[in-house]
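Participant: Below are the sequence and a predicted model; questions follow.
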Amino acid sequence: MAEKIVIALGGNALQSGKGEATAEAQLKVVKKTCEHIADISCAGYEIGLVHGNGPQVGRILLASETAKDVTPAMPFDVCGAQSQGYIGYHIQQALRYALAKRNRNIPVVTIETQTIVERKDPAFKTPTKPIGPFYTEEEAKRMQEEKGYTMKEDAGRGWRRVVASPLPRKIVEIDAIRTLWPSTITISVGGGGIPVVEKRNGALEGVAAVIDKDFGAELLAEEIGADILMILTEVENVAINFNKPDQKNLTSMTLEEADRYIEEGQFAPGSMLPKVEAAMKFVRTYPNKKAIITSLDKAVDALNGKTGTVITFA
């Protein structure tokens with residue numbers, strides 16, 4: 001049987017940090033991304049894709065708030081749903097073409113996905129998830145004063161707005177994903193899923209938050225019974241002493257080693273830390289399986305054991 005792999009696409013797979021944030025520029029980046037995904041599909045894997053949406057949902061929200069005098073501003077959860085739709089559309093279009101070039105006829109479908117979170121999740125009191133564009137420190141302070149946003153410096157790249165990032169508890173549309181999985185490449189749990197809480201009467205209600213896509217991908221990998229969780233980011237390997245003269249790239253990491261590195265503060269919150277924690281959660285749940293963290297352009301090599309960081313139980 002083909003191995004099941006859930007792939008979490010980082011921000012660099014959807015838009016260039018140096019390029020414009022236009023739809024055309026983003027589609028150009030996605031087309032390059034989908035060449036790599038198509039190669040993985042051709043290697044015989046059953047694939048499920050999860051993508052982030054931090055920059056995109058932030059821009060949608062900013063546009064909505066800016067135009068509030070012309071048309072009513074949309075609530076946060078609706079902006080998240082919009083980002084799932086247009087990012088999924090871009091991936092569907094680009095991946096379908098990349099597969100067709102390889103004579104591989106596999107449907108690609110986006111599922112608007114809701115993810116249940118707990119209303120009492122402590123994350124709502126401590127926003128940590130970066131969204132939207134980068135700002136200078138001066139711009140960030142002004143937005144904090146004028147709009148009441150929580151602004152934080154993001155891994156040396158600039159200042160961004162941060163929002164609550166509760167942990168995902170349940171994927172509402174998981175049965176539909178399971179049904180489609182054997183014959184279809186699914187794009188689901190986009191942006192970690194649209195965060196919703198379950199009311200006492202069973203109804204779902206959207207909340208203002210962005211779920212970390214790495215934890216969303218991990219939950220999907222658990223629910224689908226994936227063999228591999230692959231988290232794609234900007235770097236080829238997880239590293240300790242990152243950006244220091246004694247930086248060391250890791251080819252493998254056990255749960256015990258990962259715990260030690262986290263205690264040492266080796267992984268930046270909002271950057272590498274959630275990726276490592278999501279990988280750890282997956283292999284802790286499935287000790288005989290593995291998680292891989294690597295860069296998009298090295299994904300195929302990482303699956304062949306040539307690069308990347310493999311996280312294992314022991």
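Facilitator: Cool, the structure landed.
Participant: any low-confidence regions in the protein?
Facilitator: For the chain, the stretches flagged by pLDDT under 70 are 17-18.
Participant: Please parse it into its domains.
Facilitator: Domain segmentation of the chain under the TED database yields 1-115+165-226, 128-163, 234-287+295-313.
Participant: Of all those domains, which one comes closest to residue 121?
Facilitator: Proximity to residue 121 (C-beta to C-beta) singles out domain 1-115+165-226 among the domains of the chain, at 3.7 Å. (Glycine included, C-beta is placed from N, CA and C.)
Participant: Can you give me the end-to-end span of stretch 178-192?
Facilitator: End-to-end distance of stretch 178-192 (C-alpha to C-alpha, to the nearest Å): 17 Å.
Participant: Who are the packing partners of the helix or strand encompassing residue 97?
Facilitator: Following DSSP states H and E, one finds residue 97 within helix 76-101. Contact here means 3 or more C-beta pairs under 8 Å, 6 or more residues apart in numbering; DSSP states H and E; on that basis helix 76-101 packs against helix 23-42, strand 46-51, helix 54-66, strand 108-110, strand 185-187, strand 194-198, strand 204-206.
Participant: Dump the ones you listed into JSON lines; add mean neighbour count and distance to residue 237 as well.
Facilitator: Below are those laid out as JSON lines (neighbours: other C-beta atoms under 10 Å; distance: least, C-beta to C-beta, whole Å):
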{"stretch": "helix 23-42", "mean neighbour count": "18", "distance to residue 237": "17"}
{"stretch": "strand 46-51", "mean neighbour count": "26", "distance to residue 237": "21"}
{"stretch": "helix 54-66", "mean neighbour count": "20", "distance to residue 237": "23"}
{"stretch": "strand 108-110", "mean neighbour count": "19", "distance to residue 237": "29"}
{"stretch": "strand 185-187", "mean neighbour count": "26", "distance to residue 237": "27"}
{"stretch": "strand 194-198", "mean neighbour count": "22", "distance to residue 237": "31"}
{"stretch": "strand 204-206", "mean neighbour count": "14", "distance to residue 237": "37"}
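Participant: Pipe the ones you listed into a markdown table and attach distance to residue 125 per row.
Facilitator: Below are the helices and strands packed on helix 76-101 laid out as a markdown table (distance: least, C-beta to C-beta, whole Å):
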| stretch | distance to residue 125 |
| --- | --- |
| helix 23-42 | 33 |
| strand 46-51 | 26 |
| helix 54-66 | 20 |
| strand 108-110 | 32 |
| strand 185-187 | 32 |
| strand 194-198 | 15 |
| strand 204-206 | 19 |
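Participant: out of those, nearest to residue 154?
Facilitator: Nearest to residue 154 among the helices and strands packed on helix 76-101 is helix 54-66; the distance by C-beta to C-beta comes to 9.7 Å.
Participant: Mean neighbour count, the domains of the chain: which tops it?
Facilitator: Among the domains of the chain, domain 1-115+165-226 has the highest mean neighbour count (mean count of other C-beta atoms under 10 Å), at a mean of 19.
Participant: Now do the contacts for the closest residue to residue 184 other than its chain neighbours.
Facilitator: Excluding the flanking residues, the one nearest residue 184 by C-beta to C-beta, 6 or more residues apart in numbering is residue 107, at 4.6 Å. Under the criterion of C-beta atoms under 8 Å, 6 or more residues apart in numbering, the neighbours of residue 107 are 183-185.
Participant: and what of residue 159?
Facilitator: 134-137, 139-140, 151-153.
Participant: Include secondary structure and distance to residue 244 when you put those into a markdown table, please.
Facilitator: Formatted as a markdown table, the contacts of residue 159 follow (DSSP: H, G, I helix; E, B strand; the rest coil; distance: C-beta to C-beta, whole Å):
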| residue | secondary structure | distance to residue 244 |
| --- | --- | --- |
| 134 | strand | 23 |
| 135 | strand | 27 |
| 136 | coil | 25 |
| 137 | helix | 23 |
| 139 | helix | 29 |
| 140 | helix | 26 |
| 151 | strand | 27 |
| 152 | strand | 22 |
| 153 | strand | 18 |
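Participant: chain center to stretch 211-231, what's the gap?
Facilitator: 10 Å (C-alpha atoms, centre = their mean, to the nearest Å).
Participant: for the contacts of residue 107, which one is nearest residue 266?
Facilitator: Comparing the contacts of residue 107 against residue 266 with C-beta to C-beta places residue 185 closest, at 34.2 Å.
Participant: wait, that closest one sits on residue 110?
Facilitator: No: at 10.1 Å, residue 185 and residue 110 do not qualify as touching, with contact defined as C-beta atoms under 8 Å.
Participant: what does stretch 85-100 contact?
Facilitator: So stretch 85-100 is in contact with 14, 23, 26-27, 30-31, 33-35, 37-38, 41, 49, 51, 53, 56, 105-106, 108-110, 112, 185, 187, 190, going by C-beta under 8 Å, 6+ apart.
Participant: change it to 7 Å
Facilitator: Stretch 85-100 is contacted by residues 14, 26-27, 30-31, 34-35, 37-38, 41, 49, 51, 53, 56, 106, 108, 110, 112, 185, 187, 190 when judged by C-beta atoms under 7 Å, 6 or more residues apart in numbering.
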